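>>> pasting the structure only:
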Ligand SMILES: O=C(CO)COP(=O)(O)O
């Protein structure tokens with residue numbers, strides 16, 4: 001069975017009431033072929049409920065983060081139970097900004113992933129190497145270390161509800177996109193690692209999406225790569241070109 005593309009838009013900490021209203025209007029105008037692609041957007045927590053209420057059902061809303069805990073006295077957190085209560089299907093976990101700016105370790109990312117899955121959310125797990133790590137030829141070591149932490153906590157059946165986002169840190173928000181060769185290599189190596197470590201069947205079905213300076217200009221050549229199953233888009237997901245990026249997958 002062919003893997004269905006995933007096109008995710010991560011709005012990060014951007015947007016005002018009026019810009020979010022415009023973005024929702026733009027997205028509701030896009031024809032989404034749900035047979036070939038899942039379109040998922042991640043607004044800031046402040047706008048999750050609005051997006052969930054106002055976006056058409058072909059476009060799914062995703063949290064940018066989820067608490068390691070359940071509901072309770074955890075100021076500033078949002079629990080998986082609350083996201084489910086709102087009707088959300090998805091959350092991101094382990095975005096490089098969460099790892100580098102907010103101290104999320106591989107273990108925390110893995111525990112959040114497990115807890116979110118247990119509460120019924122599907123999870124986009126983000127992994128990626130820094131430029132120094134790439135230069136030191138550590139790319140695959142870093143990616144598999146990050147993914148192994150997650151794999152250690154999961155039973156095989158849970159992988160059907162995971163998407164892996166490969167986001168090289170050096171490509172995020174820099175305008176420096178991975179070359180098709182760099183992207184295909186990383187995705188292929190990751191898939192081979194999953195086949196060897198988890199199972200060939202999980203590897204064959206796992207969606208591995210690319211993130212880092214994806215734009216209308218580079219999306220067509222990246223989506224054509226055998227092991228690239230879609231994108232996680234930052235800056236360009238706030239602009240009309242996100243529509244072109246969705247079109248590249250359908
Ligand atoms: O971090 C990203 C998506 O999660 C990528 O961001 P940019 O597309 O802005 O490089």
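Perfect, I can see it now. The shown structure was predicted, so the numbers you read here are calculated from the model rather than taken from an experiment. Numbering: from 1, shown residues only.

>>> Need the nearest residue in space to the residue of the chain found nearest the ligand, chain neighbours excluded.
As assessed by Cβ to the nearest ligand atom, the ligand sits closest to residue 234 within the chain, at 2.2 Å. Bear in mind the C-beta positions are built from the backbone N, C-alpha and C, glycine included. Distance criterion Cβ to Cβ, 6 or more residues apart in numbering; nearest residue to residue 234, sequence neighbours excluded, is residue 10 at 5.3 Å.

>>> OK, contacts around the one you found?
Contact partners of residue 10, counting by Cβ atoms under 8 Å, 6 or more residues apart in numbering, are 42, 64, 92, 95, 211, 232-234, 237.

>>> sorry, back to before: tell me who's in contact with the residue of the chain closest to the ligand.
10, 12, 172-173, 211, 214.

>>> Including secondary structure and pLDDT, could those residues go into a markdown table?
Shown next, in a markdown table, are the contacts of residue 234 (DSSP: H, G, I helix; E, B strand; the rest coil; pLDDT from 0 to 100):
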| residue | secondary structure | pLDDT |
| --- | --- | --- |
| 10 | strand | 98 |
| 12 | coil | 98 |
| 172 | coil | 97 |
| 173 | coil | 95 |
| 211 | strand | 98 |
| 214 | coil | 98 |
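
>>> Find the residue at the geometric middle of the chain.
residue 124 (4.2 Å; Cα atoms, centre = their mean).

>>> and the protein, which residues reach the ligand?
Counting by Cβ under 6 Å from any ligand atom, the positions of the chain adjacent to the ligand are 10, 95, 167, 172-173, 211-214, 232-236.

>>> switch the cut-off to 5 Å
Residues of the chain found near the ligand (Cβ under 5 Å from any ligand atom) are 10, 172-173, 211-213, 232, 234-235.
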